[in-house]
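Novice: Quick one: sequence and predicted model below, then my questions.
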Amino acid sequence: VDTMGCERLADESADPATKRYQQLVALMLSSQTKDELTAKVMQRLQDHGLTVANILRTSDSVLGQLLYGVGFHNRKVEYIKKTTQILKTEHNGDPPCDMPSL
(Lines give C-alpha, C1' and ligand atoms only; values in the text may rest on other atoms or scores of the structure.)
Protein backbone atom coordinates (compact mmCIF):
# COMPACT_ATOMS: atom_id res chain seq x y z
CA VAL A 1 0.00 0.00 0.00
CA ASP A 2 1.32 3.40 -0.98
CA THR A 3 1.46 5.53 2.15
CA MET A 4 3.73 8.30 0.90
CA GLY A 5 2.16 8.99 -2.49
CA CYS A 6 4.24 8.79 -5.65
CA GLU A 7 2.91 12.19 -6.68
CA ARG A 8 4.58 13.71 -3.59
CA LEU A 9 8.04 12.37 -4.46
CA ALA A 10 8.55 14.68 -7.44
CA ASP A 11 10.63 17.83 -7.04
CA GLU A 12 8.11 20.61 -6.39
CA SER A 13 10.47 23.19 -7.89
CA ALA A 14 10.77 21.32 -11.20
CA ASP A 15 8.99 22.49 -14.34
CA PRO A 16 5.62 20.76 -14.97
CA ALA A 17 6.92 18.28 -17.58
CA THR A 18 9.84 17.22 -15.36
CA LYS A 19 7.51 16.92 -12.38
CA ARG A 20 5.19 14.63 -14.36
CA TYR A 21 8.21 12.57 -15.48
CA GLN A 22 9.41 12.23 -11.90
CA GLN A 23 5.94 11.14 -10.78
CA LEU A 24 5.93 8.49 -13.50
CA VAL A 25 9.36 7.21 -12.46
CA ALA A 26 8.28 7.10 -8.81
CA LEU A 27 5.25 5.08 -9.80
CA MET A 28 7.42 2.65 -11.78
CA LEU A 29 9.81 2.25 -8.85
CA SER A 30 7.04 1.71 -6.31
CA SER A 31 5.98 -1.66 -7.68
CA GLN A 32 7.32 -4.41 -5.39
CA THR A 33 9.16 -1.79 -3.29
CA LYS A 34 8.43 -0.38 0.17
CA ASP A 35 7.42 3.27 0.20
CA GLU A 36 10.39 4.36 2.31
CA LEU A 37 12.84 2.79 -0.12
CA THR A 38 11.05 4.28 -3.13
CA ALA A 39 11.42 7.71 -1.51
CA LYS A 40 15.13 7.11 -0.80
CA VAL A 41 15.84 5.99 -4.37
CA MET A 42 13.87 8.93 -5.79
CA GLN A 43 16.05 11.28 -3.76
CA ARG A 44 19.16 9.58 -5.17
CA LEU A 45 17.81 9.99 -8.70
CA GLN A 46 16.92 13.63 -8.11
CA ASP A 47 20.39 14.31 -6.73
CA HIS A 48 21.77 12.71 -9.90
CA GLY A 49 19.41 14.73 -12.11
CA LEU A 50 16.06 13.10 -12.77
CA THR A 51 15.20 14.57 -16.15
CA VAL A 52 14.46 12.90 -19.47
CA ALA A 53 17.69 14.18 -21.03
CA ASN A 54 19.90 13.19 -18.11
CA ILE A 55 18.45 9.70 -17.69
CA LEU A 56 19.01 9.03 -21.39
CA ARG A 57 22.65 10.10 -20.96
CA THR A 58 23.11 7.94 -17.86
CA SER A 59 24.65 4.53 -18.45
CA ASP A 60 22.64 1.48 -17.52
CA SER A 61 25.25 0.51 -14.93
CA VAL A 62 25.10 3.89 -13.18
CA LEU A 63 21.30 3.89 -13.31
CA GLY A 64 21.34 0.38 -11.83
CA GLN A 65 23.49 1.61 -8.95
CA LEU A 66 21.07 4.48 -8.35
CA LEU A 67 18.10 2.09 -8.34
CA TYR A 68 19.80 -0.53 -6.18
CA GLY A 69 17.47 -1.77 -3.49
CA VAL A 70 14.16 -1.42 -5.30
CA GLY A 71 12.42 -4.62 -6.31
CA PHE A 72 13.61 -5.91 -9.70
CA HIS A 73 16.00 -2.95 -10.07
CA ASN A 74 17.79 -4.41 -13.10
CA ARG A 75 14.50 -4.80 -14.99
CA LYS A 76 13.42 -1.32 -13.94
CA VAL A 77 16.58 0.14 -15.47
CA GLU A 78 15.45 -1.30 -18.79
CA TYR A 79 11.83 -0.17 -18.35
CA ILE A 80 12.77 3.35 -17.29
CA LYS A 81 15.22 3.74 -20.18
CA LYS A 82 12.68 2.49 -22.74
CA THR A 83 9.88 4.62 -21.33
CA THR A 84 12.12 7.69 -21.23
CA GLN A 85 13.14 7.19 -24.87
CA ILE A 86 9.49 6.84 -25.91
CA LEU A 87 8.64 10.02 -24.02
CA LYS A 88 11.43 11.87 -25.80
CA THR A 89 10.62 10.52 -29.26
CA GLU A 90 6.84 10.49 -29.22
CA HIS A 91 5.88 13.12 -26.63
CA ASN A 92 8.66 15.72 -26.71
CA GLY A 93 9.86 14.52 -23.28
CA ASP A 94 6.56 15.24 -21.54
CA PRO A 95 4.44 12.39 -20.16
CA PRO A 96 0.92 12.62 -21.60
CA CYS A 97 -1.83 13.72 -19.24
CA ASP A 98 -4.53 11.45 -20.64
CA MET A 99 -4.85 7.68 -20.80
CA PRO A 100 -5.36 7.32 -24.58
CA SER A 101 -2.06 9.15 -25.25
CA LEU A 102 -0.27 7.21 -22.53
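Specialist: Arrived safely.
Novice: OK, contacts around the residue nearest to the spatial centre of the chain?
Specialist: With distances taken as Cα atoms, centre = their mean, the residue of the chain nearest its centroid is Val25 (2.0 Å). By Cβ atoms under 8 Å, 6 or more residues apart in numbering, the residues touching Val25 are Met42, Leu45, Leu50, Ile80. In short, each C-beta sits where N, CA and C put it, glycine included.
Novice: Take those and write them to a markdown table, including neighbour count.
Specialist: Output for the contacts of Val25, formatted as a markdown table (neighbours: other Cβ atoms under 10 Å):
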| residue | neighbour count |
| --- | --- |
| Met42 | 25 |
| Leu45 | 23 |
| Leu50 | 23 |
| Ile80 | 21 |
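Novice: Any chance of TSV for those residues, columns distance to Asn92?
Specialist: Listed next are the contacts of Val25 as TSV, based on distance: Cβ to Cβ, whole Å:
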residue	distance to Asn92
Met42	23
Leu45	21
Leu50	18
Ile80	18
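Novice: Can you pull the poorly scored residue ranges out of the protein?
Specialist: For the chain, applying pLDDT under 70 flags the ranges 1-7, 102.
Novice: Break down it into its helices, ranges please.
Specialist: Secondary structure of the chain (DSSP state H): helices located at 16-30, 35-48, 52-57, 60-67, 73-91.
Novice: Please work out which of the ones you listed is packed deepest.
Specialist: Comparing the helices of the chain by mean neighbour count (mean count of other Cβ atoms under 10 Å), helix 16-30 comes out on top with a mean of 19.
Novice: and the angle for that one with helix 60-67?
Specialist: Interaxial angle, helix 16-30 versus helix 60-67 (axes from the mean of the first three to the mean of the last three Cα atoms, to 10 degrees): 80 degrees.
Novice: how close does Ala26 get to Lys76?
Specialist: 12 Å (Cβ to Cβ, to the nearest Å).
Novice: One more: Leu24?
Specialist: 12 Å.
Novice: Repeat that for Gly69.
Specialist: 11 Å.
Novice: quick revisit: so which of the helices of the chain gets nearest Cys97?
Specialist: When these are compared by Cβ to Cβ, helix 16-30 sits nearest Cys97, at 7.4 Å.
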